[in-house]
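J.: missing the sequence, but the structure's below:
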RNA sequence: GCCCGCGUGGCGGAAUUGGCAGACGCGCUAGAUUCAGGUUCUAGUGAUUAACAUCGUACAGGUUCAAAUCCUGUCGCGGGCACCA
């Protein structure tokens, strides 16, 4: 539990998850488990700061107020949190360790050979940078050989520094936390950059402000290095299907190949202007369908692709420049919104399809394909260039149709696809309809020979390769997966390409130009050449506190507010502090670890506590445990995490990433942070709409508690429906559980004494503020006795124990409550009510309605004492299956699958007995009269079905 | 557009996973208590029908002795992604 304490206070959605975990915490304690159930505050970040600005207060002030409000509201609901572990991300005692973890990231690199993070000291330098860094006086090979611009200075003094800065640059480029100048999402209204995940539909997720793409120098975290592990390890954790799917989509792994296309020679591109550092002879593309290589009829580069300027011919240059200008004017939002119509420009250049023989008689000149630029190809994904196969890619088909570029079918679709798409019912050209009438063989024949826009429809599925052969290799006849393998192997053997995996996941933009966040424990220094470089502060400098600022508001130019604190920024030795701050997600990336050892001032989380709670230590499950996962060392991590789905790709991905880094560095003992995760569903307003102030359908928990009490509120939150589902709130529905609690009360309490109490209380309230303990006036009702329960009573009780226990184990709170209602509806009719039966029921009730249950238990205890008076410490009752055994069963009898009668039989009736009893039934006889009984299905203890004909 | 998930009374939702559809609660109807209202209690409450009975789990098919549950297609709702090659 780690809410963001907003200015609006709690809404009814918050307590849903809190109530669920509180019920489980109380239940698990009753089973004898040691339960860690904490609460804390995720209090840094944009919304808090925006609220502070809006109300013209310091964020420190508003944060404290908001936390106080949340705490008051949460406490009013009676949750059994361990408040000694309360944490707050804005507390220096907490963010000291957030900064400390950042230093771990900064001082690590990802070793692709071991597939894990390692200390930066294990980094090996490439040969040209090799040298003894401890002996900087010795010149390295690089500085001796390649420096023509050091002529002004003393060669021997400059070289070691050059070498060291080259090594530093290399080292810095490998760190898990690194600085880069790259296009990022800039939000002027918020005055900060945002991560990809924080931008929704071209607007900021916080506040819904416009954002623009802008190159800026920023801190990044190398989450992409963990893409594969973040993807694979999803299989080891118990999360909902949809949440895993969201993470998979976000990571976006795709397997394919990179293929190099040579740019055609001098005939068309004779005016190429060579540019340093850009290869002029090759365009590398990424494709997931290397098997369609023979069908590539043109290429597309992203307009921002570096090679565009190099290959563009003089006659196309003006058009290309104009297009590039047009594209750069468009915001990313426009670029996606206006995506309906494809746009692009021919560069004038041609590329060579490496698979097609120049003299192939099948398609003359098809090995030479035009190179276009178009904004439907993204610079930021893959290589920023594609081979376009219109026949087998919808986007390419659309583009080809618009610019009249030829197509080539190279995958034979399944017959169903051909029929479905070219059948007479579809809107296809008449000539194609004609084809449909012919045999499927002819349809196939035509498909393989028609090099036109066959039905204007791309076939993107898997099929069989056709028209895909050259002198060296043929894919023809191979199913798509095999064709992919074969062509990739061929490309690799020829040095033309290689198998490649691409991810949509991008590195995590980690800096913000705001005040209300953790400062970076980083300073900037200048080297001899005047270049600035960054350096980590020592751990002893932590925590790095933000400077006190009168004006903490963001600036429109991206200069962080911290930069205004000149005294803070400039250090005596001439170095300068980093002035960006960390994003909100930093503090919430590891809070669950701090809970384990919240007061530790030596380390972020002590090893023993971490191992004990995260389950990596061998913890014996309690014999009472019915959920094996709790304290099960084979399923390590947080046993149960209840949270909203809104964090699917933000917090939950970031936290997994940090946890894996900490795991690699030996700081934690489990590879995943959260073993089991459940998303509570949204609670909607009474109008079935999402609750919002604007709609005026917000339900305030305070009002509910005032009106119906905390217990009824808790109970209703759970009775509403399954925890995971979205469900509408209904204040009328609260009345139902409120009445149930009233019936529970009357099950125990003498109504006359209750009335007496109420009258006494009214008088006391009006006359004397200091009333005696009037609760003592309330007496147990007659009929509650210390007598042995009847078999029927025991059965009712034990059925309830069983149902509640099993339902709690599966988080089915709504049906557990229904079971308790059934118990009360029965028990209230009992003449005598055995006190131990009632007490066991109170134990079942107390996780849901602790206040009422404890009160009634105390009342019961005063007349019928038990060893433990408080329910919080009472052991959970166990049901006795022997008591639930029925001696007679009611068995439904069907005739031809239709219910005709229900017969009573002994529970141990044999199949024969069941059959004859069923056939003997009068009602059944009516339906089988005059018909032959073909078959009798007898399912023991379940039903009899008589099949007649 | 693509990928997930879900469609059960007037409403929220149950259904031991293929075996009596509608538990429990809300609402509604009638009755009791009450001067009255509220509270509380009792009975009823899927649809059609006077009744026998028939029909009913979004719709249309299919598998099965038996389908809310499994399969195919269609429609609707919710969520995610959105030119990711």
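T.: In hand now; what should we look at? What you see is a predicted model; the values in this text were computed from it and never measured. Residues are numbered from 1 along each chain as shown, chains lettered A, B, ... in the order given.
J.: Over to the nearest residue to residue A:673 once chain neighbours are set aside. Which of the three states is it?
T.: Distance criterion C-beta to C-beta, 6 or more residues apart in numbering; nearest residue to residue A:673, sequence neighbours excluded, is residue A:659 at 4.1 Å. For the C-beta atoms, the positions are set from N, CA and C on the backbone; glycine is no exception. Here residue A:659 is helix, with the state taken from DSSP: H, G, I helix; E, B strand; the rest coil.
J.: Give the buried residues for stretch A:173-192.
T.: For stretch A:173-192, a neighbour-count test (16 or more other C-beta atoms under 10 Å) marks A:174-179, A:182, A:184-192 as buried.
J.: I should have written stretch A:738-749 there, sorry.
T.: Buried, per 16+ other C-beta under 10 Å, within stretch A:738-749: A:738, A:740, A:741, A:744, A:747, A:748, A:749.
J.: thinking again about what came up before, list the contacts for the residue nearest to residue A:673?
T.: Contacts for residue A:659 (C-beta atoms under 8 Å, 6 or more residues apart in numbering) come out as A:590, A:668, A:670, A:671, A:672, A:673.
J.: isn't residue A:582 right next to residue A:90, touching?
T.: No. In this structure, residue A:582 is not within contact of residue A:90 by C-beta atoms under 8 Å, at 11.8 Å.
J.: Show me where the stretch 351-500 of chain A has its strands.
T.: A:368-373, A:385-388, A:411-412, A:464-465, A:497-502 (DSSP state E, counting those that start in this stretch).
J.: Indicate which one of those strands is closest to residue A:223.
T.: strand A:497-502 (15.1 Å; C-beta to C-beta).
J.: Find the closest residue to RNA strand B in the stretch 401-550 of chain A.
T.: At 3.6 Å from RNA strand B, residue A:504 is the closest residue in the stretch 401-550 of chain A, using C-beta to the nearest atom of the strand.
J.: Which helix or which strand is home to that residue?
T.: In this assignment (DSSP states H and E), residue A:504 forms part of neither any helix nor any strand.
J.: neighbours of it, just the number please.
T.: A count of neighbours around residue A:504, defined by other C-beta atoms under 10 Å, yields 16.
J.: Return the residues in contact with it.
T.: Taking C-beta under 8 Å, 6+ apart as the test, what residue A:504 contacts is A:249, A:250, A:251, A:252, A:254, A:381.
J.: Residue A:777 reaches residue A:760, doesn't it?
T.: Yes. Using C-beta under 8 Å, residue A:777 is in contact with residue A:760, at 5.9 Å.
J.: on that earlier part again, which one among the contacts of residue A:504 gets closest to RNA strand B?
T.: Using C-beta to the nearest atom of the strand, these come closest to RNA strand B at residue A:254, 3.0 Å.
J.: Dead centre of chain A: give me the residue that sits there.
T.: The residue lying closest to the centre of chain A (C-alpha atoms, centre = their mean) is residue A:648, at 2.1 Å.
J.: Tabulate the contacts of residue A:659 in CSV, adding columns for neighbour count.
T.: CSV is the format used below for those (neighbours: other C-beta atoms under 10 Å):
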residue, neighbour count
A:590, 24
A:668, 26
A:670, 21
A:671, 17
A:672, 22
A:673, 26
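J.: near RNA strand B, from these?
T.: The subset of the contacts of residue A:659 within reach of RNA strand B, counting by C-beta under 7 Å from any atom of the strand, is empty.
J.: Redo the residues you listed as CSV? Include secondary structure and distance to residue A:558.
T.: Shown next, in CSV, are the contacts of residue A:659 (DSSP: H, G, I helix; E, B strand; the rest coil; distance: C-beta to C-beta, whole Å):
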residue, secondary structure, distance to residue A:558
A:590, coil, 28
A:668, coil, 36
A:670, coil, 39
A:671, coil, 38
A:672, coil, 36
A:673, coil, 33
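J.: picking that back up, between residue A:582 and residue A:90, which contacts overlap?
T.: With C-beta under 8 Å, 6+ apart as the test, residue A:582 and residue A:90 both reach residue A:44.
J.: Let me have the strands of the stretch 351-500 of chain A in a markdown table, extended by mean pLDDT, distance to RNA strand B and mean neighbour count.
T.: Compiled in a markdown table, those are given as follows (pLDDT from 0 to 100; distance: least, C-beta to the nearest atom of the strand, whole Å; neighbours: other C-beta atoms under 10 Å):
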| stretch | mean pLDDT | distance to RNA strand B | mean neighbour count |
| --- | --- | --- | --- |
| strand A:368-373 | 93 | 12 | 22 |
| strand A:385-388 | 95 | 5 | 26 |
| strand A:411-412 | 91 | 13 | 24 |
| strand A:464-465 | 93 | 16 | 22 |
| strand A:497-502 | 93 | 6 | 17 |
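J.: near RNA strand B at all, stretch A:898-905?
T.: Yes. Against RNA strand B, stretch A:898-905 shows contacts by C-beta under 7 Å from any atom of the strand at A:898, A:899, A:902.
J.: which among those end up buried?
T.: Using 16+ other C-beta under 10 Å, nothing in the residues of stretch A:898-905 next to RNA strand B comes out buried.
J.: out of these, which are inside strands?
T.: Judged by DSSP state E, those include A:898, A:899, A:902 as members of strands.
J.: Dump those residues to TSV, plus pLDDT.
T.: Output for those, formatted as TSV (pLDDT from 0 to 100):
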residue	pLDDT
A:898	88
A:899	89
A:902	88
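J.: Nearest to RNA strand B: which residue in chain A?
T.: For chain A, C-beta to the nearest atom of the strand, closest residue to RNA strand B: residue A:736, 2.2 Å.
J.: Which positions in the stretch 51-200 of chain A make contact with RNA strand B?
T.: residue A:200.
J.: Let me see the ranges of the strands in the stretch 51-200 of chain A.
T.: Using DSSP E, counting those that start in this stretch, strands in the stretch 51-200 of chain A cover A:87-88, A:108-111, A:116-119, A:177-187, A:192-194, A:199-200.
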